[in-house]
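A.B. asks: test case, fold it:
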Amino acid sequence: MSLKQLAALLTLGALWGASYIFIRVAVEPIGPVLLMFIRAALTAAILLAYARARRIQLNIREHWRKFLVLGFFGSALPFTLIAWAELTVTGSIAAILMSTTPLFTAFVAAIGLGEPLTRYKLIGALLGIVGVSITVGGSPLALSPEVIAATLALLAATLSYATGGVFAKRFLGGLDNMSLSTGQLLSAAIILAPFSTLDLPVHELSAVAVWATLALVVLCTAFAYQLYYYLVISAGPLQALTVTLLIPVFGLIWGALLLGESISAGMIGGLIIVLFSVGLVTGIIAPGKRAITK
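C.D. replies: Here you go, the predicted structure:
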């Protein structure tokens, strides 16, 4: 990986780790559904404007039915579940739990794409469950029905992300990345639009909530998507997937620095186990694999 690619990877991890902090700040005054509608709609508008300015031909209209499915599982549902969960749990805990997405992807890919489940993937999945339990049980939050419900919502969001990713690979694999990201977010905005009006803010929004929303849209979604696809194309999907290991680390750092969220020993221990499990599932950690030197 070149220095430019490494810088892009670290920037992407920092941005996606910060996204959970921005959601935590903005979700209560704006509401989870409206906030995620704004995120999807404004990001789609930015990407459409960018494509038009660069004269990029988007291939969305003829696949609109498939994009509605992708928009639901890839953005609308997980975005909303994450935002709703962050009404209860901290942004740093959300970042740790969402890093389990590759674990669910391995199982969904085994069903939808026929990819084999190796013993290391199964071991990694079991370790991931242990890591999640330690993270939630060892956090400063009291273990209540609300915390359990928020945890299940975050895990459901990871399953939804996994389903969307496998669906895109199987049914939209021939499309370019710009069409995929724009079509996905545009469809998500369409799906969320009628529900976003059901819980409108009753008080004037603070400047902090507005700036957090703008940062979530511009930096953590529109710009971050371009960094991610740059890494996929230039460094390869496996290298790009290593950002999964950086997101919860930055989530902890940003949560402590910006919101004063406490970091317990249980959270650190759970994070280490989760990251190790993700490494096993993705193949980043391969026991018995020796490096080849020239």
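
A.B. asks: listing request: residues of the protein with sub-threshold pLDDT.
C.D. replies: 1, 138-139, 232-233, 235-242, 282, 284, 286-294 (pLDDT under 70).

A.B. asks: list the residues that contact the residue most central in space within it.
C.D. replies: Residue closest to the average C-alpha location in the chain (C-alpha atoms, centre = their mean): residue 98, at 6.6 Å. Going by C-beta atoms under 8 Å, 6 or more residues apart in numbering, residue 98 touches 20, 82, 154, 157, 158, 247, 248. Every residue, glycine included, has its C-beta placed from N, CA and C.

A.B. asks: got TSV for those, with secondary structure too?
C.D. replies: Output for the contacts of residue 98, formatted as TSV (DSSP: H, G, I helix; E, B strand; the rest coil):
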residue	secondary structure
20	helix
82	helix
154	helix
157	helix
158	helix
247	helix
248	helix
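
A.B. asks: of those residues - the most surrounded one?
C.D. replies: In terms of neighbours by other C-beta atoms under 10 Å, the contacts of residue 98 top out with residue 20 at 31 neighbours.

A.B. asks: if I pick the residue nearest to that residue when sequence neighbours are not counted, what's in contact with it?
C.D. replies: Nearest non-adjacent residue to residue 20, counting by C-beta to C-beta, 6 or more residues apart in numbering: residue 91, 3.9 Å away. Counting by C-beta under 8 Å, 6+ apart, residue 91 touches 20, 21, 23, 24, 251, 254, 255, 259, 261.

A.B. asks: one more pass at 10 Å, please.
C.D. replies: 17-25, 27, 82, 251-252, 254-255, 258-259, 261 (C-beta atoms under 10 Å, 6 or more residues apart in numbering).
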